[in-house]
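> Task: produce atomic coordinates for the following.
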Amino acid sequence: VSFLPDPFIPAWHPPRTTRTRAASERTEEAARRRYADALARVAARPDDAVALDVQLPFCPMLCTYCAADVTVTHDMREIDRYVDALEAEIALVAAHLGPAHDAVQLRFGGGTPNYLRDEQLARIVAALGARFRLIAETERLIECDPRRTSATQLDALRAMAFEHVRFGMADFAVDVQRAAGRVQSSAMMRDACGTARAAGFVTVGIDMVYGLPGQTEPGMHQTLEEVIDI
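I've put the predicted structure just below:
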């Protein structure tokens, strides 16, 4: 469910014809039926565990390689409204599923999940915990931007029981980073990974991207060697 407008759609567009609107409504109705059917199948098996995937589509700036549906904003009130809507959706989905299910996985993806404030992330975790059973065995993973990571933040994430963290990057070649709009040094990545380990994260991962402007095979090999060393 998308609660925010696509930032790439112009504010004005020509009015749709009646035929186009009707086709759109039929498509949306079919999607709603498929979603309701999927929820019903899960509800029919109350002993089955579920995996929870939460998308937090906010970033302070846009990386030019990103294909995710994100909103660039510096207004935390906009994110608060999204969290309000997300809490309502969690309650609605849980109501369709019936008694609380065990959650074997919980993943926060983005966007940039660690762009949110600690209290905003804690609200989402609490809402999920109120509707699903977040047990000791629940694997909790969060994707983070190393440019916005701090020891204090990572400690807060650990307090929310996140045990796996993945840091995003493009490539360690500076010209590639500039082309991708994501400049971050290998020293920064090394520091972020070391801080995450010190905070007690069980696994620390690095997400890379290939096929970017200016990338070369030798440069990618060099980046991989640096990642392995980290």
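> list the helices and strands the helix or strand hosting Ala94 packs on?
Using DSSP states H and E, Ala94 sits in helix 76-97. Packing partners of helix 76-97 (3 or more CB pairs under 8 Å, 6 or more residues apart in numbering; DSSP states H and E): helix 18-43, strand 50-56, strand 58-59, helix 118-131. In this view, the C-beta of every residue, glycine as well, is placed from N, C-alpha and C.
> List the buried residues of that helix.
By 16 or more other CB atoms under 10 Å, the buried positions in helix 76-97 come out as Ile79, Tyr82, Val83, Leu86, Glu87, Ile90, Val93, Ala94, Leu97.
> Can you list the strands that whichever strand in the chain runs longest pairs with?
Criterion DSSP state E: the longest strand present in the chain is strand 133-144. Sheet pairing here is set by DSSP bridges, and for strand 133-144 it gives strand 102-110 (parallel), strand 164-168 (parallel).
> okay, and the helix or strand of the chain with the least pLDDT?
helix 18-43 (a mean of 83; mean pLDDT, DSSP states H and E).
> per-residue confidence for the spatially closest residue to Thr64 that is not a sequence neighbour?
Excluding the flanking residues, the one nearest Thr64 by CB to CB, 6 or more residues apart in numbering is Gly181, at 4.5 Å. If you check Gly181, the pLDDT there is 90.
> Next one: Gly181 relative to Glu163, how far apart?
Using CB to CB, to the nearest Å, Gly181 is found at 30 Å from Glu163.
> among the helices and strands packed on helix 76-97, which is the most enclosed?
strand 58-59 (a mean of 21; mean count of other CB atoms under 10 Å).
> Quick check: mean pLDDT of that one?
Averaged across strand 58-59, pLDDT comes to 96.
> State the paired neighbours of it in the sheet, together with their directions.
Applying DSSP bridges to the sheet, strand 58-59 is found paired with strand 71-72 (parallel).
> picking that back up, can you list the neighbours in contact with the longest strand of the chain?
Under the contact criterion CB atoms under 8 Å, 6 or more residues apart in numbering, strand 133-144 has outside partners 100-110, 112-114, 125, 128, 157, 160-168, 192, 207.
> relative orientation of the helix holding Ala94 and helix 118-131 in degrees?
Interaxial angle of helix 76-97 relative to helix 118-131 (axes from the mean of the first three to the mean of the last three CA atoms, to 10 degrees): 10 degrees.
> Using PDB, write down the CA coordinates of helix 76-97.
Provided in PDB are the C-alpha atoms of helix 76-97 (Å, rounded to 0.1, in the frame of the first residue of the first chain):
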ATOM      1  CA  MET A  76       9.800  14.500   9.900                       C
ATOM      2  CA  ARG A  77       6.100  15.300  10.300                       C
ATOM      3  CA  GLU A  78       5.500  13.700   6.900                       C
ATOM      4  CA  ILE A  79       7.300  10.600   8.100                       C
ATOM      5  CA  ASP A  80       5.200  10.700  11.300                       C
ATOM      6  CA  ARG A  81       2.000  10.600   9.200                       C
ATOM      7  CA  TYR A  82       3.400   7.600   7.300                       C
ATOM      8  CA  VAL A  83       4.100   5.800  10.600                       C
ATOM      9  CA  ASP A  84       0.500   6.600  11.700                       C
ATOM     10  CA  ALA A  85      -0.800   5.100   8.500                       C
ATOM     11  CA  LEU A  86       1.500   2.100   8.800                       C
ATOM     12  CA  GLU A  87       0.300   1.400  12.400                       C
ATOM     13  CA  ALA A  88      -3.300   1.400  11.000                       C
ATOM     14  CA  GLU A  89      -2.400  -0.900   8.200                       C
ATOM     15  CA  ILE A  90      -0.600  -3.300  10.600                       C
ATOM     16  CA  ALA A  91      -3.800  -3.400  12.800                       C
ATOM     17  CA  LEU A  92      -6.000  -4.000   9.700                       C
ATOM     18  CA  VAL A  93      -3.800  -6.800   8.300                       C
ATOM     19  CA  ALA A  94      -3.700  -8.500  11.700                       C
ATOM     20  CA  ALA A  95      -7.400  -8.300  12.000                       C
ATOM     21  CA  HIS A  96      -7.800 -10.200   8.700                       C
ATOM     22  CA  LEU A  97      -5.300 -12.800   9.800                       C
END
